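K.L.:
Below is the structure, and that's it, no one-letter string:
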């Protein structure tokens, strides 16, 4: 008799993974529990201390499993009593030990937002944009105890356009990712389904976790890279530059030139209602909307009315 997948434990952390949990919840599959990392009790905003996965689980009465030590014996006993068919992982952030994967008759699958083995790791979407890739995609892999290294079950590609940010590209990837997830589940049940040949000779690259300190703009970089940096770090951690030791976040921008010129790196070339033009190693960036600490996002034309002295033409930014 053909064994089918009916019960699932889902592991995730963010809004991208939430789209998968929500879709599974509305499908034929039964969510027996969700696996998440511990709450962020140090977050200043109380409504952000719980992950979106936990909030969804609480609203829909789904049992929540939380730990930062998956090797703990008590946790192993707890998860072993659930008796789910498969573990589905999306943007979870911890390596699942092999003894836990063996608890599921169909093992575990990981839904990863890149064309593996390119961009293995925590921030594949950000690094694809940072590197100027023309396309990315979704890979569903059969999990093992090494991060993002299992056998690829299914894979689809997605183009990256020149204005894509992590926010917009994540949105584009969600329907592709859902398609990959359900196709992979079908292929586990019906192994006779033939999978297409995946791209060969893809060079393995790593996508390490992004940190807040990485978001500081260096004007000694060319504008083409600064453009990628701002888009890759939207919505988090959001790129910033310094004025009078204040972190000024960039909320809207455009590139006005890619050519080298006579101005110094970091020099404010002009200030107008359209924005502030700042010179880089090669090219000019125009900043149109900013967020000053403690204030809401404002257009530069509004800054000129309320805080004209904030920016000074020909000043060199650090």
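P.N.:
Received, thanks. All of these numbers come straight from a predicted model, not from anything done at the bench. Residues are numbered from 1 along each chain as shown.

K.L.:
Now do the one helix or strand residue 247 maps to: distance to the chain's middle.
P.N.:
Using DSSP states H and E, the element containing residue 247 is strand 246-257. Centroid separation for strand 246-257 versus its chain: 21 Å, with C-alpha atoms, centre = their mean, to the nearest Å.

K.L.:
For that strand, buried residues please.
P.N.:
If you call a residue buried by 16 or more other C-beta atoms under 10 Å, then strand 246-257 has these buried ones: 248-251, 253, 255-257. In this view, the C-beta of every residue, glycine as well, is placed from N, C-alpha and C.

K.L.:
pLDDT and distance to residue 304 for those residues - can I get that in a markdown table?
P.N.:
Below are these laid out as a markdown table (pLDDT from 0 to 100; distance: C-beta to C-beta, whole Å):
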| residue | pLDDT | distance to residue 304 |
| --- | --- | --- |
| 248 | 96 | 15 |
| 249 | 97 | 18 |
| 250 | 98 | 17 |
| 251 | 97 | 16 |
| 253 | 98 | 17 |
| 255 | 97 | 22 |
| 256 | 96 | 18 |
| 257 | 95 | 22 |
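
K.L.:
Please identify which two of these are farthest apart in space.
P.N.:
Using C-beta to C-beta, the buried residues of strand 246-257 reach their maximum pairwise distance at 249 and 257, which is 23.1 Å.

K.L.:
If you count residues, where's the longest helix of the chain?
P.N.:
For the chain, the longest helix by residue count, based on DSSP state H, is helix 166-189.

K.L.:
now for it, which elements pack on it?
P.N.:
When contacts are defined as 3 or more C-beta pairs under 8 Å, 6 or more residues apart in numbering; DSSP states H and E, helix 166-189 packs onto helix 15-25, strand 86-90, strand 108-112, helix 124-130, strand 135-142, strand 152-159.

K.L.:
can you rerun that using 6 Å?
P.N.:
helix 15-25, strand 108-112, helix 124-130, strand 135-142, strand 152-159 (3 or more C-beta pairs under 6 Å, 6 or more residues apart in numbering; DSSP states H and E).

K.L.:
and the angle for it with strand 108-112?
P.N.:
Computed by axes from the mean of the first three to the mean of the last three C-alpha atoms, to 10 degrees, the angle separating helix 166-189 from strand 108-112 equals 150 degrees.

K.L.:
I would like the residues contacting helix 166-189, please.
P.N.:
4-5, 16, 19, 23, 106, 109, 111, 113, 125-126, 138, 140, 153-154, 156, 158, 193, 232, 234-235 (C-beta atoms under 6 Å, 6 or more residues apart in numbering).

K.L.:
Would you mind giving the secondary structure of residue 50?
P.N.:
Following DSSP: H, G, I helix; E, B strand; the rest coil, residue 50 is assigned to coil.

K.L.:
Count the neighbours of the closest residue in space to it that isn't next to it in sequence for me.
P.N.:
Distance criterion C-beta to C-beta, 6 or more residues apart in numbering; nearest residue to residue 50, sequence neighbours excluded, is residue 39 at 5.8 Å. When counting by other C-beta atoms under 10 Å, one arrives at 13 neighbours for residue 39.

K.L.:
I'd say residue 39 and residue 49 touch.
P.N.:
Yes - counting by C-beta atoms under 6 Å, residue 39 touches residue 49, with 5.2 Å between them.

K.L.:
Please identify which of the buried residues of strand 246-257 is nearest to residue 272.
P.N.:
Of all the buried residues of strand 246-257, residue 256 has the smallest distance to residue 272: 11.4 Å, by C-beta to C-beta.
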